[in-house]
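In: Let me see the structure of the following:
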Amino acid sequence: MAQSKRLLALDILRGITIAGMLLVNNPGTWSSIYAPLEHAEWEGLTPTDLVFPFFMFVMGVSMFFSLRKFNFSLNAHVFLKIVKRTVILFLIGWAVSWFAVWLRGLFNPEVDFVDRAINHLRILGVFQRLALVYFFGAIIAVTLKHRFIPWMIGLILVAYAIIMAVGHGYDISADNIIARIDNAVLGEDHMYKEGVFDGIIAFDPEGILSTLPCIAHVLIGFMVGKLILTYHNNTERIAKLALFGFAMMLGGWLLQYGIPCGKKMWSSTFVLITCGMASCLLALLIYIIDVKGRNKWCRFFQSFGVNPLFCYLVGTILSIAFSTIKFGTNAAGDPVSIHSLIHDACKAVTWSPESASCLYAIVFVLICWLFGYILYKKKIYIKI
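Out: Coordinates of the predicted model:
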């Protein structure tokens, strides 16, 4: 089987993860969600826990292809490109937060933009985590000989597991080292507030210390990219990817008896298991799409896959706008937003709060898809 010039399967896997991220981040209501569309409370895995690590894995694969054009050598031009992309991703993350505060201020004069945008700005987040892991992953890729990268991955995962064990990182408590570092460096006012230990310390799922294993995560994807280009035959690629993925999943599954698996702490076993699953899924997609040529079903995801970060950014902005922009009040006196209008329509045609919440999320993904589809049809590819 000849090597394809571009693996469509990689675009599809990237598109699936973006569609998945938009789906799980935008339910009709957070109080009624199907269990598979919720994150694990602490330990364990749900389908929702897979989408972000899968995207990070694909980012690592793509990083190999992009840095290959520069022969994996570090010079002023390459360094500036890496820094530029890192800064842009960081600024996008902050700009989204500022946009949310500004828009809410338009509909609520009591919102103090300066206070919220500076004193309560969340410093880290999804885009910021992508920025950090891209920067450190890319620097390692262009400065370290590739035969040593697996050793670097192992060193990071082992060191992180030890730090977590010594620092109570696997416990939901105020002594958790992830929370302590974030609280000390960032401050509680600049952290995510969903999870709070004992009502005292906020816990940021995209925090400082837990970014460390994410670097290993991207580097694993990078080595998978190397594997893909090493084997010029899709049959060989599939076999190697499946074997590699199964070995990581098995290793992570066995190790989780001593190192709990969980997304919020981004444990070392979480890295192994999710990277293994992503590798196996990529092997399956290559077989279905690039070998068997069955690609009609996946064109929906391709629109997301060719402009992934742009589509995710559009979805994030729409999510803020839908929930913030108000159109007066309803009969009960509650404010009416775009979100509530669509959600009420979903409740009218479904049989349970959970199904209405899920239907809203699906409708939201379809709306975001329209933006990606227009760009895809016009062959416009926005690089971030």
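In: Phi first, then psi, for residue 207.
Out: phi -80, psi -180 (degrees, to the nearest 10).
In: Pull the contacting residues for it.
Out: 124, 178, 179, 181, 182, 186, 191 (Cβ atoms under 8 Å, 6 or more residues apart in numbering). To be clear about C-beta, it is placed using only N, CA and C from the backbone, and glycine gets the same treatment.
In: change it to 6 Å
Out: Counting by Cβ atoms under 6 Å, 6 or more residues apart in numbering, residue 207 makes contact with 178, 182.
In: what does the model give it for pLDDT?
Out: If you check residue 207, the pLDDT there is 89.
In: That one and residue 93, how far apart?
Out: Going from residue 207 to residue 93 by Cβ to Cβ, to the nearest Å gives 14 Å.
In: do residue 159 as well
Out: The gap separating residue 159 from residue 93 is 26 Å, by Cβ to Cβ.
In: show me what contacts residue 362?
Out: Contacts of residue 362 by Cβ under 6 Å, 6+ apart: none found.
In: That one in helix, strand or coil?
Out: Of the three states, residue 362 takes helix under DSSP: H, G, I helix; E, B strand; the rest coil.
In: Residue 159 and residue 93: which has the busier surroundings?
Out: When neighbours are counted by other Cβ atoms under 10 Å, residue 93 comes out ahead of the other of residue 159 and residue 93, with 23 against 14.
In: any idea of the pLDDT on residue 195?
Out: At residue 195, pLDDT is 58.
In: One more: the one 4 residues further on?
Out: Note on residue 199: pLDDT of 60.
In: same check, this time on residue 6
Out: 64.
In: Quick one: residues in contact with stretch 123-139.
Out: 82, 86, 89-90, 92-93, 186, 190, 204, 206, 211, 214-215, 218-219.
In: Now with 8 Å, please.
Out: 52, 56, 59-60, 63, 67, 74, 82-83, 85-90, 92-94, 96-97, 182, 186, 190-192, 204, 206-208, 211, 214-215, 217-219, 222, 309, 312.
In: quick one: which of those sit in helices?
Out: 52, 56, 59-60, 63, 67, 82-83, 85-90, 92-94, 96-97, 182, 214-215, 217-219, 222, 309, 312 (DSSP state H).
In: For residue 42, grab the count of nearby residues.
Out: By other Cβ under 10 Å, the residues close to residue 42 number 15.
In: My impression was that residue 327 belongs to a strand - is that right?
Out: Yes: according to three-state DSSP, residue 327 belongs to a strand.
In: Report the spatially nearest residue to it, omitting neighbours in sequence.
Out: residue 336 (4.8 Å; Cβ to Cβ, 6 or more residues apart in numbering).
In: for residue 278, same thing?
Out: residue 57 (4.2 Å).
In: Contact partners for that neighbour?
Out: Residues near residue 57 by Cβ under 8 Å, 6+ apart: 217, 218, 220, 221, 224, 274, 275, 278, 279.
In: farthest pair in the residues you listed?
Out: Using Cβ to Cβ, the pair of these lying farthest apart is 218 and 279, separated by 13.6 Å.
In: in this structure, what spans have low per-residue confidence?
Out: Along the chain, the parts satisfying pLDDT under 70 run over 1-6, 111, 113, 194-201, 330-333.
In: Nearest to residue 36 among the contacts of residue 57?
Out: Distances from residue 36 to the contacts of residue 57, taken by Cβ to Cβ, are shortest for residue 274, at 15.7 Å.
In: buried subset of the contacts of stretch 123-139?
Out: 52, 56, 59-60, 63, 67, 82, 85-86, 89-90, 92-94, 96-97, 182, 186, 190-192, 204, 206-208, 211, 214-215, 217-219, 222, 309, 312 (16 or more other Cβ atoms under 10 Å).
In: Spatially nearest residue to the residue nearest to the spatial centre of the chain, not counting backbone neighbours?
Out: In the chain, the C-alpha nearest the mean C-alpha coordinate belongs to residue 52, at 2.8 Å (Cα atoms, centre = their mean). Spatial nearest neighbour of residue 52, excluding adjacent residues (Cβ to Cβ, 6+ apart): residue 21 at 6.4 Å.
In: who's in contact with residue 112?
Out: Per Cβ under 8 Å, 6+ apart, neighbours of residue 112: residue 105.
In: Distance check, it against residue 101.
Out: On the measure of Cβ to Cβ, residue 112 and residue 101 end up 9 Å apart.
In: Next: residue 192.
Out: 15 Å.
In: what's the answer for residue 150, then?
Out: Distance, residue 150 to residue 101, by Cβ to Cβ: 43 Å.
In: Those two: which is more packed in?
Out: residue 101 (19 against 12).
In: picking up where we left off before, wait, doesn't the residue nearest to the centre of the chain sit right on residue 266?
Out: No: the pair residue 52 and residue 266 fails to qualify as a contact (Cβ atoms under 8 Å) at a distance of 9.5 Å.
In: Thank you, goodbye.
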